[in-house]
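**Q** this one's structure only:
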Ligand code: H2U
Ligand code: ZN
């Protein structure tokens, strides 16, 4: 039983198989006696087995009119080198340090780091008031010396150099004694609150597992213990058979809209073989992952004909010294756009107080991204 299944409803739940009565490519295969739940029509909820959390899906709401807020579309940067950008080669940063004239990628310690390596590990506990010192390191990674490029516009060979940096940072930070997690991410676009268009990501290394990594570690561990298999490899097998949420794939990676996606055009990049983290990537897997990143970000840009905003990141095994045979590394892309370049999804109301909810089904989103 996954952690999210404990909450029973008043009625007996029909068809509690992992994917009840999904319209299966090549014909239905509903379990005998299961109620007919049409996932393209009926309101329903879907379980995220990585987190144990549910998402509400309301396909019938797609037709509702939109009179809400529209966002401005940010203009693309016009300069290849911006003298006022703190990330461009040769420029001076806010704290006075000068960037080198880097030809490819450039990594530095965040001048305004959220975490410090020397924070004391003490725990204070007074009844329900519990706090712990949290140490860590925050690094900034410039993807390219060019101020005006995005991942979608970069050459695949240059994205590979970004991957090389992610590998190196994972190994270096992950081998530090007080680092249990190396979280790689990119926050892209003004709409996401990103302060600078220069293509860059961040790397936060922390003493404790962040919430999402902790949930994913727990779920994947439970799955391995119960079934003796790796959860996300089993999941990928199911998706490859059904083929309705797959966007594209290559020899080593598959890109899909997860069955349990929360954000309208949320996607995942999944390896075909078990890979715990960046430190385990084999030489021919790097160009394949770079191609997948390039193809996905290009597709996103084509979807609404705009430089597509998102928060993305890679989840990988904890660097706490344990083996973590349960872990399958993967990327999550969480884009905020809903139905056009200017309509953003807000996680409010029931979503803040109850569960996330979506109207567009993951299958419909996958079809749109396949066509883009
Ligand atoms: P975002 O634009 O994605 O927030 O990232 C920029 C990061 O760069 C941010 O974390 C850091 C900020 O602290 N930064 C520096 O380290 N040095 C600077 O001179 C400006 C910004
Ligand atoms: Zn710049």
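**A** Alright, I've got the coordinates. What you see is a predicted model, and the numbers here were worked out from it, not measured in a lab. Ligands and ions are numbered 1, 2, ... in the order given.
**Q** switch to C-alpha atoms for all contacts and neighbour counts from now on
**A** Will do.
**Q** who touches stretch 42-51?
**A** Outside stretch 42-51, the residues that touch it by CA atoms under 8 Å, 6 or more residues apart in numbering are 2, 4, 53-60, 212, 215-216, 219-220, 259-261.
**Q** stretch 234-245 now?
**A** Defining contact as CA under 8 Å, 6+ apart, one finds that stretch 234-245 is touched by 24-25, 246, 256-259, 270, 272, 362-363, 366-367.
**Q** show me this protein divided up by domain.
**A** Domain assignment for the chain by automatic domain parsing gives 2-7+44-63+210-371, 106-206.
**Q** what is the mean pLDDT for the longest one?
**A** Summarised as a single mean, pLDDT over domain 2-7+44-63+210-371 is 95.
**Q** still on that earlier bit, so which of the domains of the chain is nearest ligand 2?
**A** domain 106-206 (3.8 Å; CA to the ion).
**Q** please see if the closest one touches ligand 1.
**A** Yes - interface with ligand 1: domain 106-206 contributes 110, 111, 112, 187, 194, 195, 196 (CA under 6 Å from any ligand atom).
**Q** phi, psi of the third one?
**A** Here is the backbone geometry of residue 112 (degrees, to the nearest 10): phi -130, psi 50.
**Q** and it, what's its pLDDT?
**A** On pLDDT, residue 112 comes in at 96.
**Q** let me have the domains of the chain in JSON lines, adding distance to ligand 2 and mean neighbour count as columns.
**A** Below are the domains of the chain laid out as JSON lines (distance: least, CA to the ion, whole Å; neighbours: other CA atoms under 10 Å):
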{"stretch": "domain 2-7+44-63+210-371", "distance to ligand 2": "17", "mean neighbour count": "18"}
{"stretch": "domain 106-206", "distance to ligand 2": "4", "mean neighbour count": "18"}
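**Q** and those: which comes nearest residue 98?
**A** Each of those has some distance to residue 98 by CA to CA; the shortest is domain 106-206, at 10.9 Å.
**Q** and that closest one, end to end?
**A** Taking CA to CA, to the nearest Å, domain 106-206 runs 21 Å from one end to the other.
**Q** and the strands in the stretch 251-372 of the chain?
**A** With DSSP state E, counting those that start in this stretch as the criterion, the stretch 251-372 of the chain has strands at 253-256, 267-271, 310-315, 330-334, 337-340, 343-344, 357-358.
**Q** of all these, which one is nearest residue 137?
**A** Across the strands of the stretch 251-372 of the chain, closest to residue 137 is strand 310-315 (CA to CA), at 16.8 Å.
**Q** tell me the angle of that closest one relative to strand 267-271?
**A** Here the directions of strand 310-315 and strand 267-271 differ by 30 degrees (axes from the mean of the first three to the mean of the last three CA atoms, to 10 degrees).
**Q** ok, and what's touching strand 310-315?
**A** With contacts defined as CA under 8 Å, 6+ apart, strand 310-315 is touched by 183-189, 192, 213, 277, 329-336.
**Q** from the residues you listed, which ones fall inside helices?
**A** Applying DSSP state H to the contacts of strand 310-315, the entries found in helices are residue 213.
**Q** helices or strands up against the helix or strand hosting residue 157?
**A** In the assignment (DSSP states H and E), residue 157 maps to helix 156-174. Under the contact definition 3 or more CA pairs under 8 Å, 6 or more residues apart in numbering; DSSP states H and E, helix 156-174 sits against strand 181-188, strand 200-206, helix 285-303.
**Q** tell me how far that helix lies from the chain's centre.
**A** Centroid separation between helix 156-174 and its chain, computed with CA atoms, centre = their mean, to the nearest Å, is 17 Å.
**Q** what's the answer for stretch 297-315, then?
**A** Centre-to-centre, stretch 297-315 and its host chain are 12 Å apart (CA atoms, centre = their mean).
**Q** again with stretch 110-125
**A** Its chain's average C-alpha position is 25 Å from that of stretch 110-125, according to CA atoms, centre = their mean.
**Q** on the three-state scheme, residue 238 is what?
**A** Put simply, residue 238 is helix when judged by DSSP: H, G, I helix; E, B strand; the rest coil.
**Q** going forward, the N-terminal residue is numbered 9.
**A** Sure, I'll start numbering at 9, so the last one becomes residue 246.
**Q** mind checking how far stretch 140-158 is from the chain centre?
**A** With CA atoms, centre = their mean as the basis, stretch 140-158 stands 16 Å off its chain's centre.
**Q** kindly report the same for stretch 190-205.
**A** With CA atoms, centre = their mean, you get 12 Å for stretch 190-205.
**Q** residue 215 contacts residue 144, correct?
**A** Yes - with contacts counted by CA atoms under 8 Å, residue 215 reaches residue 144, the gap being 6.0 Å.
**Q** identify the contacts common to the two.
**A** 186, 187.
**Q** hang on, residue 216 packs against residue 185?
**A** No - at 11.8 Å, residue 216 does not count as touching residue 185 under the criterion of CA under 8 Å.
**Q** show me where pLDDT drops low in the stretch 59-208 of the chain?
**A** Scanning the stretch 59-208 of the chain for pLDDT under 70 picks out 70-75.
**Q** repeat that with 80
**A** 70-78, 80, 203 (pLDDT under 80).
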